[in-house]
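> need a 3D model of the sequence below.
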Amino acid sequence: MGRLVMKFGGTSVANIDRIRNVAQHVKREVDAGHEVAVVVSAMSGKTNELVAWCTDASPMHDAREYDAVVASGEQVTSGLLAIVLQGIGIQARSWQGWQIPIKTSDAHASARILDIDGTEIVTRFKERKEVAVIAGFQGINPDTGRITTLGRGGSDTSAVAIAAALKADRCDIYTDVDGVYTTDPRVVPKARRLDKIAFEDMLELASQGAKVLQVRSVELGMVHNMPIFVRSSFDKPEDIDPHANQPPGTLICSEEEIMEMHVVTGIAFSKDEAQISVRQIEDKPGVAAAIFGPLADANINVDMIVQNVSEDGKTTDLTFTVPASDYNRAKDTITAAKAKIGYARVDTATDVAKVSVIGSGMRSHAGVAAKAFKALADRNINIRAITTSEIKFSVLIDAAYTELAVRTLHTLYGLDQA
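Below you'll find the model as predicted:
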């Protein structure tokens, strides 16, 4: 007997046939004696359609009404799955975020979960053997009583938070891939699926461009030490043994549960980057604040930062990267602050990519980054900027060399399949 939270993404519930397939996955776990809560996303493409309707209705729409509209996608899916489960003889009931309730902040469209009361769901587990089918991505602000949503990928966050609130044994994230790979298999066919990965490594992979899991869901898993199991909903339900120690997939867990830590766990990359270089600024205290203060006020996240001081020590160049979606706003913000910053010119580039090498094993191994720099140089790949942390380093390169760089580094660190 165990308690599971099973989360199914948009492609897993894309139509009624896929929802019937999901119901069989749920039935397998119920028949094995588990108490089950299911968290569902909207059907594939539905959230985009609802967002487009809001924009079409008014480009400057009320964020509270936006949440009321886009939250309806998950409401439909949860109701349909409950109906299908009831049709195959399983006690099931759908739940909206406000019914549990999932209490959140009032930051509409990007709310953060504050508290979840899972008492009633647990009571129904015990008294009725009832499966809870929960609409992901949504909650309620207790002060206003309004529906809120958690931002893109928020159903992953809902699932892990609910698993923590219910004191579940594990949170299974069902998606269209069968686990977490050392890098994108579409770029590197030799990429391997990882059986286990530490929370820290997964957090870095997710934040550096790997799109398997939403970053906040991994953070929550790490904070609550909630094991997250990434697996495929396209595996046939009847082919999986629910009593197996670990069915096909990747377990995200604490570092202590992993017997052998590799130096490098995986390679992530992102082409959604833009580079901005502010040239010939006077080298004096307060210049960095004059540049990054206005960017922070505009809610623009800055990633890599490189500063070069001229030979005479009087001027400096400051280069940084921002998400490609914020490129125009960032450039306009810097231009508007020219008088305060006092620079000669601004150079920009949008044809850049960030490649990141991640691994907890770097803590105890020297020269890991140096090997990469040499390997990239041997391939004539120029590095524009570098950032490092305890378990990660990232390089900014020309976007045209992204695939070559990823393949080179993947082989360099022995991540190719044997």
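> residue 98 contacts residue 146, doesn't it?
No. Residue 98 is beyond contact range of residue 146, at 9.0 Å (criterion: CB atoms under 8 Å). No exception for glycine: its C-beta is placed from N, CA and C like everyone else's.
> identify the contacts common to the two.
Counting by CB atoms under 8 Å, 6 or more residues apart in numbering, the common neighbours of residue 98 and residue 146 are residue 140.
> so where's the stretch 201-350 of the chain shaky on pLDDT?
Counting by pLDDT under 70, the ranges of the stretch 201-350 of the chain that qualify are 245, 260, 310-312.
> tell me where it has helices.
215-224, 287-297, 327-336, 338-341 (DSSP state H, counting those that start in this stretch).
> give me the neighbour count for residue 122.
17 (other CB atoms under 10 Å).
> what do you get for residue 144?
Using other CB under 10 Å, residue 144 is surrounded by 11 other residues.
> swap in residue 343?
Neighbours of residue 343 using other CB under 10 Å come to 23.
> could you chop the chain up by domain?
Domains of the chain are assigned by the TED database as 3-256, 266-413.
> and the last one, end to end?
Spelled out, it's domain 266-413. One end of domain 266-413 to the other measures 9 Å (CA to CA, to the nearest Å).
> now the longest one
Domain 3-256 has an end-to-end distance of 22 Å (criterion: CA to CA).
> can you tell me the helix or strand for the closest residue to residue 68 other than its chain neighbours?
In space, and not counting its chain neighbours, residue 68 is closest to residue 147: 5.4 Å by CB to CB, 6 or more residues apart in numbering. Applying DSSP states H and E as the criterion places residue 147 in strand 146-149.
> so what strands line up beside that strand?
Strands flanking strand 146-149 in the sheet, each with its direction: strand 138-141 (antiparallel) (DSSP bridges).
> can you give me how far the strand it pairs with is from the chain middle?
20 Å (CA atoms, centre = their mean, to the nearest Å).
> got the CA positions of it in PDB?
Extracted as PDB, the C-alpha positions of strand 138-141 are listed here (Å, rounded to 0.1, in the frame of the first residue of the first chain):
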ATOM      1  CA  GLN A 138      -4.900  26.700 -10.700                       C
ATOM      2  CA  GLY A 139      -5.600  27.800  -7.100                       C
ATOM      3  CA  ILE A 140      -7.500  30.500  -5.200                       C
ATOM      4  CA  ASN A 141      -6.300  33.700  -3.500                       C
END
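> show residues contacting it.
Looking at what lies outside strand 138-141 - CB under 8 Å, 6+ apart - the contacts are 67, 71, 74-75, 96-98, 101-106, 111, 113, 146-150, 154, 158.
> what is the mean pLDDT for it?
Average pLDDT, strand 138-141: 96.
> what's the answer for stretch 99-115, then?
94.
> start and end of it, how far apart?
OK, stretch 99-115 end separation, CA to CA: 13 Å.
> what residues of that stretch count as buried?
Neighbour counts using 16 or more other CB atoms under 10 Å place 100-105, 108-109, 111, 113 of stretch 99-115 among the buried residues.
> nearest to residue 55, of the residues you listed?
residue 109 (12.5 Å; CB to CB).
> that closest one and residue 198, how far apart?
31 Å (CB to CB, to the nearest Å).
> same question, residue 36
Using CB to CB, residue 36 is found at 27 Å from residue 198.
> and if you look at residue 232?
22 Å.
> look at the two and report which has more neighbours.
More crowded of residue 232 and residue 198, by other CB under 10 Å: residue 198, with 22 against 16.
> need phi/psi at the more buried one.
Main-chain torsions, residue 198, degrees, to the nearest 10: phi -70, psi 150.
> wait, it sits on residue 258?
Yes. At 5.9 Å, residue 198 counts as touching residue 258 under the criterion of CB under 8 Å.
> low pLDDT regions in the stretch 1-150 of the chain?
Along the stretch 1-150 of the chain, segments meeting pLDDT under 70 span 1.
> residue boundaries of the helices in it?
Using DSSP H, counting those that start in this stretch, the helices of the stretch 1-150 of the chain run over residues 16-31, 46-57, 63-70, 72-87, 119-128.
> those helices: which one's closest to residue 237?
Nearest to residue 237, of all those, is helix 16-31, at 3.9 Å by CB to CB.
> distance between that closest one and the chain's centre?
Offset of helix 16-31 from its chain centre (CA atoms, centre = their mean): 25 Å.
> repeat that for stretch 13-21.
Relative to the mean C-alpha coordinate of its chain, stretch 13-21 is positioned 24 Å out (CA atoms, centre = their mean).
> brilliant, that's me finished.
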